[in-house]
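K.L.:
Fold the following.
(one chain, ligands or ions: 1)
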Amino acid sequence: MGRKVGVIAVVLVALLGTLAIYLYNRITVLDHEAVTDSVSVIYGAGGNVAVLRTQRGAVVVDTMTFPLQGRRIRALAERLGGGPTQAVVNTHYHPDHTHGNSAWPAGTHIVATERTRAYLERFDSAFWEGRSAGSVPNDLFTDRHDLRIGDKTVRSLYLGRGHTGGDLVVLFVEDRVLHTGDLFFNRRYPNIDLEAGGSVQQWAETLERVLALDFDRVIPGHGPVTDRADLLEFQRFIAELAEYASKSAAAEMSLEETLAAADLEHDAGFEPMSIPFLFRFDRDFAIRRAWEEATGAVQPVDLATPELSGNL
Ligand SMILES: [Zn+2]
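P.N.:
As a prediction, the model looks like this:
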């Protein structure tokens, strides 16, 4: 009996050890590739990170999911970016784009929209009130923000609602590279955060303004670096989704009927994104969120309500 328990314990420890090593690798492994001479992308467990090399050092867009990861991203970014970090930009408030921030010292210049900061306070205050309080975005804007570092221009723009109500896109002006944040999931089904102001109905128009910018290469929030063609295809899918949800709401179709009758075309080849037991972004998820918005079943939070803590 005692021997059996001992064997089970050894097997369990071995299994847990293997799981821990697997998770550690999943979290810390980073890949990177050059987009232009001055812009690189870092891929890993979380949103894509862009690094701009300037004469003075690195500009980093988004920081992935874990503080441990953030430290590795910072080291890699400062190698790719030619020196110490001059500024960080957060495209939106989601943890898989911001929680690495705490790897940068308090006082680092961190750009985001005012609404992103408000959503951080509203939806993720436990993280940002703790030891990460020093790396919350501290340079906030509403519509447009230009940073001039050495001979480079980093232009952050808020162009409308979509994935959340506060997403910015970053244009590396001289390199003609755009980081879209999660306004664009390349060949993947998107997350749609209606509670934080996301909107399927307005998303395609927002992408119209994105497509009007001067750029050649695109770093999406998730998925491989690409060009305008994939972004256009994603816009077509979002437009198709919005139109279908509007029709379904007008016809007073139930969610089940809406899911069953969906006949979408522009998501051919899209992959679902999921972490078991946590979330799954697939076709049904996208249709459900579009239906919830079109029928008014889900409303964005009112940021003006007093329950907003606002004491970061
Ligand atoms: Zn996101």
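K.L.:
check contacts around the closest residue to the ion within the stretch 1-150 of the chain.
P.N.:
Proximity to the ion, evaluated over the stretch 1-150 of the chain using C-beta to the ion, is greatest for residue 94 at 3.6 Å. For the C-beta atoms, the positions are set from N, CA and C on the backbone; glycine is no exception. Remark: with contacts taken as C-beta atoms under 8 Å, 6 or more residues apart in numbering, residue 94 is in contact with 47, 164, 182, 191, 193.
K.L.:
Run a quick neighbour tally on residue 174.
P.N.:
If you count neighbours by other C-beta atoms under 10 Å, residue 174 ends up with 15.
K.L.:
same question, residue 30
P.N.:
Every residue meeting other C-beta under 10 Å relative to residue 30 is counted, giving 18.
K.L.:
Leaving out sequence neighbours, find the closest residue to residue 91.
P.N.:
In space, and not counting its chain neighbours, residue 91 is closest to residue 181: 2.7 Å by C-beta to C-beta, 6 or more residues apart in numbering.
K.L.:
who's in contact with the residue nearest the centre of the chain?
P.N.:
Centrality entry for the chain: nearest residue to the mean C-alpha point is residue 182, 4.3 Å, by C-alpha atoms, centre = their mean. Contacts here follow C-beta under 8 Å, 6+ apart; on that basis residue 182 touches 47, 91-92, 94, 97, 163-164, 167, 190-191, 221-222.
K.L.:
Name the residues of stretch 45-65 that are buried.
P.N.:
Burial within stretch 45-65, assessed by neighbour count using 16 or more other C-beta atoms under 10 Å, is assigned to 45-54, 57-65.
K.L.:
distance between that stretch and the chain's centre?
P.N.:
How far stretch 45-65 lies from its chain's middle: 13 Å, per C-alpha atoms, centre = their mean, to the nearest Å.
K.L.:
again, but for stretch 84-91
P.N.:
Its chain's C-alpha centre lies 15 Å from the corresponding centre of stretch 84-91 when counted by C-alpha atoms, centre = their mean.
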